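Asker: Prediction below, plus the sequence it came from.
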Amino acid sequence: MRAAVAIEKLSVALPSDGDRPFAVEEISLEVAKGEILCVVGESGSGKSVLASAIMGALPHGLRHAEGRIIFGGRDIAALPEQELRAIRGRHIAMIFQEPMAALNPAIRIGEQIAEILEIHEPEMPRAEREARALALMREMQLPDPETIARRYPHEISGGQCQRVVIAMALAWNPSLLIADEPTTALDVTTQAQILKLIKALRDEHGHGVLFVTHDFGVVADIADRVAVMQRGRLVEIGPVAQVLNDPVHPYTKQLIAAVPSLIPRARPEPAEAPALRLEGVSRFFGPLRAVDDVTFDVPSGGTVAIVGESGSGKSTLAKAVIRLLAPNAGRTLIEDVDFARLSGRELMRRRRLIQMVFQDPFGSLNPNRTVGAMLTRAGVLGGLEAGEAKAQAAELLDLVGLQREALERKPEAFSGGQRQRIGIARALAMRPSIIVADEAVSALDVSVQRQVLELLERLQRDRGLTMLFITHDLRVAAGIADRIAVMQRGRVVEFGPAVQVLLNPAHPYTVELVAAAPGREWQSAQRAAQAQ
């Protein structure tokens, strides 16, 4: 089978002050036509730089040092920018990780798809462009394309936005499709639909697909072959079954071992006394009941995971609990005090009892403040004197596994996993009894994700913390939760011990979520093999 692209000894140089000489170093691999090659590795392994190099769109400060990228019989790494523009979008196309960032918020969906056609063929009549855009939307299985074509990106769901981005990438039926973490921000059912769609389009059109991901469950579901990268180098490549079931390189073994299981671990039963009690909590946005009559307890020292698709109300509930949003109805009881009714100085005084760890560790940290300043300020807000807060800041860095020299640095100096540790330290600086974690590990690769989850569990055990953990990843919920609440359209449709909810779900929606978890069949086969 002919190669869609062949990469020969490719190296991409980092700036002189980088942590290593090359972002990508002497990489050689091929993507065959009709093949899906998954590239996996931790953050900083060079996966996305490799994808950008093929597109001829390296980030600022990086440069092509050596090697060839053979596409259509030519070394496109040596082509001038004008010739590359004719290839990008028409012959090589990319699906991006964050569809909302890839779409223009001020232009209607249909116009954005039609614009891709106009760029490469300006003479195409407008009516033909619009008809082609609608045909692409139908191929992406978007409901009611005529209506969606008139909408703006914010008026459709995340999964629909991702289908639009795929439609734009496939507008000219490219030979090579590059997908850079295209399902990371999606819930499990939408993710399963997108993966199925990409495979079906590959089967129909014969694209070569380079699929960048850190999720081995996704790899198991979609890949023909797997390439494993570590610190810019290719350490293992082979058929998906071989790499996943019989890995050779220690780094590959380490990554696979870090993949969380859908089987909940045995955990001690938490105290029955609730640290947090929700009674009929509701939050409306006009006629939309984003959170509708939610009632459950979070046991003291225990963890309740809230799972469900995008739009199910998980994050809205978290914000209502912590009072970033005021609930329209119901009670939120902490220490027998209804947080839903607090205001002014009393709300500020008691707010330290419940703190949040956010999904985006960089966006939630002030880029202009040092870590020490942020942690010290949080301590003061939590009731400490300035000197005590400064001493606590250093102790918290020890607690979350960071060097004390980090106190003098700003967030930009840290990796994603390190920033999340800083976010956890900031939450702890307020000396809370309850932590609300809103998708706190969804953007992290599997090994860093495991480290952060283990850190949260250790802190919970050592400090007696109670956690409300919002996630769309059922494997994460299985690894950290005592109990699971399943939300659908604002309501809790199932609640119970993690073992019961995940292994013997009662509600049809929960059954659907569990069945859609990526890599489920691969992990089941692994467990069966280990049991023999």
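Answerer: Structure's in. What do you need?
Asker: now V321: how far from G308?
Answerer: 15 Å (CB to CB, to the nearest Å). Just so you know, the C-beta spots here come from the backbone N, C-alpha and C atoms, and that holds for glycine as well.
Asker: Wait, a strand at M94?
Answerer: Yes - assessed by DSSP: H, G, I helix; E, B strand; the rest coil, M94 belongs to a strand.
Asker: Tell me who's in contact with A477.
Answerer: For A477, the contacting residues are 305, 307, 469, 471, 484, 498, 502, by CB atoms under 8 Å, 6 or more residues apart in numbering.
Asker: And the spatially closest residue to it that is not a sequence neighbour, which helix or strand is it part of?
Answerer: Among residues not flanking A477 along the chain, A305 sits closest, at 3.8 Å (CB to CB, 6 or more residues apart in numbering). Using DSSP states H and E, A305 maps to strand 303-307.
Asker: Adjacent strands (with direction) for that strand?
Answerer: On the basis of DSSP bridges, the sheet neighbours of strand 303-307 come out as strand 466-470 (parallel), strand 483-488 (parallel).
Asker: Kindly reformat those as JSON lines containing mean neighbour count, mean pLDDT and distance to G67.
Answerer: Output for those, formatted as JSON lines (neighbours: other CB atoms under 10 Å; pLDDT from 0 to 100; distance: least, CB to CB, whole Å):
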{"stretch": "strand 466-470", "mean neighbour count": "26", "mean pLDDT": "94", "distance to G67": "43"}
{"stretch": "strand 483-488", "mean neighbour count": "24", "mean pLDDT": "96", "distance to G67": "48"}
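Asker: Out of those strands, flag the one nearest D445.
Answerer: strand 466-470 (18.8 Å; CB to CB).
Asker: and V39, which of the three is it?
Answerer: strand.
Asker: does it have beta-bridge partners, and which?
Answerer: With DSSP bridges applied, V39 shows beta-bridge pairing to V212, A227.
Asker: Quick check: pLDDT value at Q530.
Answerer: At Q530, the pLDDT value in this model is 65.
Asker: now do V446
Answerer: With respect to pLDDT, V446 has a value of 80.
Asker: Not counting sequence-adjacent ones, nearest residue to it?
Answerer: A258 (4.4 Å).
Asker: give me phi/psi at that neighbour?
Answerer: Dihedral pair for A258: phi -80, psi -10, per degrees, to the nearest 10.
Asker: again, but for K314
Answerer: phi -60, psi -60.
Asker: Burial check on E26, number of neighbours?
Answerer: By other CB atoms under 10 Å, the residues close to E26 number 15.
Asker: What pLDDT is listed against the closest residue to it other than its chain neighbours?
Answerer: Spatially, and ignoring its direct neighbours in sequence, E26 is nearest to K9 (5.1 Å; CB to CB, 6+ apart). Per-residue pLDDT puts K9 at 97.
Asker: With the one 4 residues further on instead?
Answerer: Here, the pLDDT recorded for A13 equals 93.
Asker: which is the next helix or strand following the strand holding A305?
Answerer: Toward the C-terminus from strand 303-307 - assigned by DSSP H and E - lies helix 314-322.
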